[in-house]
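>>> requesting a structural model of the entry that follows:
(chains A and B)
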Number of protein chains: 2
Amino acid sequence: METTTKSMEEKNYNKSEFYIGLTLAISSSIFIGSSFIIKKLSLIRLARKGSLRAGAGGFGYLKDWLWWLGFLTMGIGEMANFAAYAFAPASLVTPLGALSVLVSAVLASKCLKETLNILGKLGCLLCMLGATIMVIHAPKEEQIESLDELVRKLRDSSFLNYVAITLTIVIVILIYVGPRYGNRHVTVYVTLCSAIGSLTVMACKGLGLAIKDSLSATSINSHPNPQLLFGLMVVVVVCICIQMNYLNKVLDIFSTSVVTPIYYVLFTTMVIIASAILFKEWEKMDNQDMLGGLCGFLVTVVAIFLLNAFKDSQFQPLLRQSSRDYGSNVYFS
Amino acid sequence: METTTKSMEEKNYNKSEFYIGLTLAISSSIFIGSSFIIKKLSLIRLARKGSLRAGAGGFGYLKDWLWWLGFLTMGIGEMANFAAYAFAPASLVTPLGALSVLVSAVLASKCLKETLNILGKLGCLLCMLGATIMVIHAPKEEQIESLDELVRKLRDSSFLNYVAITLTIVIVILIYVGPRYGNRHVTVYVTLCSAIGSLTVMACKGLGLAIKDSLSATSINSHPNPQLLFGLMVVVVVCICIQMNYLNKVLDIFSTSVVTPIYYVLFTTMVIIASAILFKEWEKMDNQDMLGGLCGFLVTVVAIFLLNAFKDSQFQPLLRQSSRDYGSNVYFS
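Alright, predicted model coming up:
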């Protein structure tokens, strides 16, 4: 309700940036979600042809155009995701990643004939509802407009503290907790990946802003900083390598149904915390939007849980029965 | 964003009315939810003492103070619900009725030692999230301030059309559809109850406004209309009798787990439609609030479904297992 000092024109500009970011984030999820299915379709086709399977060390998939299509789709998705961070707040783009789980669940039931049970369907519905609620309550205005501002914020003591704490957690897990408990508790390496992941996202966001800044019309006023760009790029590459390595380790020990929901929750939470500290996206939000955003996030968490935890369960709800044959034809295999 | 002609003071008055209504609606749900459990506790105690059970025609419960406490709690809850309609929009009060399902589910697991499985717990969480989202997006201002205005709106052709259509549906179900399909399809009599229920709520709302109007300081300006009050009271009593009769019929044929979610959805939808036509609560709402409110409602519907449909199922999600013993200790009884 307050009258801000920003002009109406600038606000509209920010709003259109928000919608560009939103569109990029949603299409990124569609591409990434589809890429899993395309790759799996290719691997199934190859297995039918009798090629040595990828799990057994075969590389036959490299000759299949369908596999490369999946790879390309994934690449486009990741690029759209990266671009989305340049336009919309990180605390919106990261949670919307949930939509890729939805897309791959729906496509798996359509293309791979994997059954989507009633809880999976409810998960899909909740996923869309949660995403919609998060979009409604997301901060609509970008807090950082130029590279100079970014550099200033990166040097802010609260953000440096966040980085220090995150790195301490990472080192403690790598040296002490990981070797002892990593094989028994799924949260150990998932926490590591999420902590590193939050730094990746912040670096991506910075890189995206820097690229956007150097391309935009206002670039005359800003001073391109090659050291900063290079530094951010190194952070992104190193972080992604560590993340991929430990994510593969976790997925090797635990099932995807276990890892996906926990990773989603921890990763998104840490990105939101990092984003709140660095970009102070939440500063201009009112309590109502914070509460609404939190509710949307929790709805999405429940959705991811429903989509994953009961994936291979087949059962009917009691709803189809009358009280007279209550409990007779319920099955679960 | 538009500047309304209403003064700031009046707005604050409306807002405090909204919060009174909200508090009444929430406490109503707590009372109604608890009353079920208190009554059941009493019936269990009586059964242990060896009294003739209520289901077998016994009236021993009438001598039990605990049963009367349950009855009193229910009465207070219904009165709070009625009062809530006088202060807050019907399209907020009715959906919040979902909280009574949550309260009785939680209390049943605490006091009656009924197990609340993982889906039930998720249902509880979603129920609270859905309710919070609906409250955030509910229309905050009352559209009708005086009895005169109410009379004018009741004579509005669009509302008269709604009443005519509703009564036609009711008569068709009573004469034709009910006797043929009522015992096979749960929706038949639930539709009847919901249609009648929407009229009950509108009449309650009118009665509440009328009583509030005659008690408030501004009553000097309004003309008390005994005919209108009497008419509304007759509508309320007749509608509640029809509703109770057919709801008992439905509950006798189908299980509560079937009836509760369907009744919640149909009843709330019809109240929202009736309320939109009569009080035009949605007129001042922006698209964002409408979308948000709809999302909150759908989240609550999923919650009610989860709380009811899988009530008597015991199973573990796959989440607790690693991929190595995938599918081994899942059970469902």
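>>> quick one, helices of the stretch 101-250 of chain A?
Using DSSP state H, counting those that start in this stretch, the helices found in the stretch 101-250 of chain A span residues A:118-137, A:147-154, A:157-172, A:178-181, A:186-215, A:226-253.
>>> reformat these as a markdown table; add mean pLDDT and distance to chain B.
For glycine as for every other residue, the C-beta is placed from the backbone atoms N, C-alpha and C. Output for the helices of the stretch 101-250 of chain A, formatted as a markdown table (pLDDT from 0 to 100; distance: least, Cβ to the nearest Cβ, whole Å):
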| stretch | mean pLDDT | distance to chain B |
| --- | --- | --- |
| helix A:118-137 | 86 | 5 |
| helix A:147-154 | 76 | 28 |
| helix A:157-172 | 89 | 24 |
| helix A:178-181 | 80 | 14 |
| helix A:186-215 | 83 | 8 |
| helix A:226-253 | 82 | 6 |
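>>> quick one, which of the ones you listed is nearest to residue B:246?
Between residue B:246 and these, the tightest spacing by Cβ to Cβ is seen for helix A:118-137, at 28.2 Å.
>>> picking that back up, now the helices of the stretch 101-250 of chain A in a markdown table, with mean neighbour count?
Shown next, in a markdown table, are the helices of the stretch 101-250 of chain A (neighbours: other Cβ atoms under 10 Å in any protein chain shown):
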| stretch | mean neighbour count |
| --- | --- |
| helix A:118-137 | 23 |
| helix A:147-154 | 16 |
| helix A:157-172 | 14 |
| helix A:178-181 | 13 |
| helix A:186-215 | 22 |
| helix A:226-253 | 15 |
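>>> which stretch among those helices comes nearest residue B:286?
Closest approach to residue B:286 among those (Cβ to Cβ): helix A:118-137, 10.6 Å.
>>> from the contact counts, what lies against the closest one?
If you count contacts as 3 or more Cβ pairs under 8 Å, 6 or more residues apart in numbering or on different chains; DSSP states H and E, helix A:118-137 packs onto helix A:90-96, helix A:98-111, helix A:287-309, helix B:118-137, helix B:287-309.
>>> run the last query once more with 10 Å
When contacts are defined as 3 or more Cβ pairs under 10 Å, 6 or more residues apart in numbering or on different chains; DSSP states H and E, helix A:118-137 packs onto helix A:8-49, helix A:90-96, helix A:98-111, helix A:287-309, helix B:118-137, helix B:287-309.
>>> if you count contacts, what does the second one end up packed against?
Right, the one you point to is helix A:90-96. helix A:8-49, helix A:65-87, helix A:118-137, helix A:186-215, helix A:256-278, helix A:287-309.
>>> to residue B:124, which of those lies closest?
Nearest of the helices and strands packed on helix A:90-96 (Cβ to Cβ): helix A:287-309, 10.8 Å.
>>> give me the angle between the closest one and helix A:118-137.
Angle of helix A:287-309 versus helix A:118-137, following axes from the mean of the first three to the mean of the last three Cα atoms, to 10 degrees, is 160 degrees.
>>> buried residues in helix A:287-309?
A:289, A:291-309 (16 or more other Cβ atoms under 10 Å in any protein chain shown).
>>> how distant is that helix from the center of its chain?
Its chain's average C-alpha position is 14 Å from that of helix A:287-309, according to Cα atoms, centre = their mean, to the nearest Å.
>>> for stretch A:119-134, same thing?
On Cα atoms, centre = their mean, the centre of stretch A:119-134 falls 15 Å from the chain's centre.
>>> list the contacts of the residue most central in space within chain A.
The centroid of chain A falls nearest to residue A:97 when counting by Cα atoms, centre = their mean (3.6 Å). Contact analysis of residue A:97 by Cβ atoms under 10 Å, 6 or more residues apart in numbering or on different chains lists A:25, A:28-29, A:32-33, A:81, A:84, A:131, A:264, A:267-268, A:271, A:300, A:304.
>>> which of these sits closest to residue A:74?
Closest to residue A:74, out of all of the contacts of residue A:97 and judged by Cβ to Cβ, is residue A:32, at 6.2 Å.
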